[in-house]
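**Q** Below are the sequence and a predicted model for it; my questions follow.
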Amino acid sequence: MNRISRFYRISAPAPAREMDEAARDKYYRRLRMQAFIAATLGYSLYYVCRTSLNVMKKPILDSGSLDASQLGVIGSALLFAYAIGKFVNGFIADYCNIKRFMATGLIVSAAANMLMGVLGLMHSVIPTAVIFIAFAVMWGLNGWSQSMGAAPAIISLSRWYPLKERGTYYGFFSASHNLGEFFSFLFVGSIVTFAGWQAGFFGSAIAGAIGVVVILLMLHDTPESKGLPPVEALAHEKPAASADKSVKEIQKQVLRTPAVWILAAASAFMYISRYAINGWGVLFLQEAKGFSDVEAISVVSINALLGILGTVLSGWFSDKLFKGDRKVPALIFGVLNAAALALFFYGGNAMWVNVLSMVLFGIAIGVLICFLGGLMAVDIVPRKATGAALGVVGMTSYIAAGIQDVASGWLIDSNITVAADGVKHYDFGPVAIFWLAAAVISFLLPLLNRGKVKEF
């Protein structure tokens, strides 16, 4: 156990490199750009291993290997394991060599995908119940290992980038999940189309293996491990008040800081609105507005594309226009998120109205994923506790996402009427109020942090 602990422990400082200031600055900038690329690309490939099952659901159902209810349970196993793992692994990551920690999670995730592919090849000779249980266990394990990705990636930004630039690069990094979804649909989807759903799991495992190589080659633990001063010294930042405190002491203080929990709650409500549209938006357009399958899917998919724009630009404009203050833009885009949802639910059936609502929703939710989903919490805690802050926010966000799925399904099922001819009629009124109320609460909660947050 001690050997494992030593292997994952944060790197010891290397001997200082003898170089002039210009050479040192050039070396520092090269290493931090490598770390940024590795974190962003590596986490994108994490996402491929997480979303692969979404691409394969229909062929799995068509094969008769599993039914929709079983796939729902398997999917929830990942979501809840991921929520708990985000909290636990966020705290652990603050102590760790982030290169080794992040690579380990992706190795396990890729292995889980590989094993599910092998089990899939044997589905004709293995009882359905066994396949179901094995898939649920593997996908739950995948959820836990997936939670080892975001914290070390964002800790790398905290360890390598000064405060005045962190928001910009955090925004670029936040587009990694959109890139991962794109890779998953393009790469894994193509494999499933031509070689079957079992091969899709093997394809996602290969993507994960590529990510491991990128992380091991390009992600660096700390500037000190490369013979450089800490980023505070490189950026000439004022020493933090908590500089002399241990990681454990600061993490405990994070848990006692109301501002962190307020942001976590705001993110949780934002995730309800985010996953409501991603999970139920297509059904809403089909049943409430009479859109065809292709029309509904096309309209809802717009928000994912625009989400990239929102996340990429969010950190940059908050750094440049608001001098690193995220409160005002978070409020602006929180209001835009609620307005976009109101337009989507109550704006009528015209195609241009629904497209516009998804454009606005995509941009707003992209910004909010960056701000409420982590950056605002990271901003108010010391670098040593970046993972702890992300753990608190991530846990509440994904628990809320899971609860949303259950609550939304119940509200939708409870408001179905069946006509005399047997046709079902959906009343989305109650669930729309639930989704819209969550969006409103998500932008109101951060207002409680308008006063100065007590320094650590």
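**A** That came in fine, so what should we check first?
**Q** and stretch 2-20, which residues are buried?
**A** 10-11 (16 or more other Cβ atoms under 10 Å). In short, each C-beta sits where N, CA and C put it, glycine included.
**Q** ok, residues contacting it?
**A** Stretch 2-20 is contacted from outside by 24, 27, 95-97, 100-101, 104, 221-222, 224-229, using Cβ atoms under 8 Å, 6 or more residues apart in numbering.
**Q** Phi, psi for Thr425 please.
**A** Check again: residue 425 is His, not Thr. Dihedral pair for His425: phi -120, psi 130, per degrees, to the nearest 10.
**Q** Any idea how many residues pack against it?
**A** His425 is flanked by 11 other residues according to other Cβ atoms under 10 Å.
**Q** Show me the shaky parts of the stretch 201-350 of the chain.
**A** Filtered on pLDDT under 70, the stretch 201-350 of the chain yields the residue ranges 239-244, 324.
**Q** Nearest residue to the spatially most central residue of the chain in space, please, no chain neighbours.
**A** Of all residues in the chain, the one closest to the mean position by Cα atoms, centre = their mean is His177, 6.2 Å from it. Ranked by Cβ to Cβ, 6 or more residues apart in numbering and with sequence neighbours excluded, the top spatial neighbour of His177 is Tyr47, at 5.3 Å.
**Q** related to what we said a few turns ago, residue contacts, the residue nearest to the centre of the chain?
**A** By Cβ under 8 Å, 6+ apart, the contact list for His177 reads 43-44, 47, 369.
**Q** among those residues, which two are most distant?
**A** Ser44 and Ile369 (14.6 Å; Cβ to Cβ).
**Q** tally of neighbours for Val130?
**A** Neighbours of Val130 (other Cβ under 10 Å): 12.
**Q** so which helix or strand takes in it?
**A** helix 128-146 (DSSP states H and E).
**Q** what kind of secondary structure is the residue nearest to the centre of the chain in?
**A** Following DSSP: H, G, I helix; E, B strand; the rest coil, we place His177 in the helix state.
**Q** Next one, pLDDT for it please.
**A** In this model, His177 is scored at 78, pLDDT.
**Q** in the helix holding Val130, what counts as buried?
**A** For helix 128-146, by 16+ other Cβ under 10 Å, it's 131-132, 134-136, 138-146.
**Q** Pick out whichever of the contacts of His177 sits closest to Leu343.
**A** Distances from Leu343 to the contacts of His177, taken by Cβ to Cβ, are shortest for Ile369, at 20.0 Å.
**Q** What helices and strands are in contact with the helix or strand where that closest one lies?
**A** Ile369 is part of helix 351-370 when elements are defined by DSSP H and E. Helices and strands touching helix 351-370, by 3 or more Cβ pairs under 8 Å, 6 or more residues apart in numbering; DSSP states H and E, are helix 163-174, helix 258-288, helix 293-320, helix 327-346.
**Q** Dump those to TSV, plus distance to Gly394 and mean neighbour count.
**A** Putting these into TSV (distance: least, Cβ to Cβ, whole Å; neighbours: other Cβ atoms under 10 Å) gives the following:
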stretch	distance to Gly394	mean neighbour count
helix 163-174	13	22
helix 258-288	8	22
helix 293-320	16	19
helix 327-346	18	20
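**Q** Out of the ones you listed, which is closest to Leu71?
**A** helix 258-288 (13.4 Å).
**Q** tilt between that closest one and helix 351-370?
**A** 160 degrees (axes from the mean of the first three to the mean of the last three Cα atoms, to 10 degrees).
**Q** quick one: pLDDT of Gly422?
**A** Per-residue pLDDT puts Gly422 at 69.
**Q** one step back: buried among the contacts of stretch 2-20? Need that as a selection in PyMOL.
**A** This is the PyMOL syntax for the buried subset of the contacts of stretch 2-20, where burial follows 16+ other Cβ under 10 Å:
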select buried, resi 24+27+95+96+97+100+101+104+221+222+224+225+226+228
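**Q** What is the most widely separated pair among the contacts of stretch 2-20?
**A** Spatial extent of the contacts of stretch 2-20 (Cβ to Cβ) is set by the pair Arg24 and Thr104 at 31.1 Å.
**Q** Thank you kindly, that will do.
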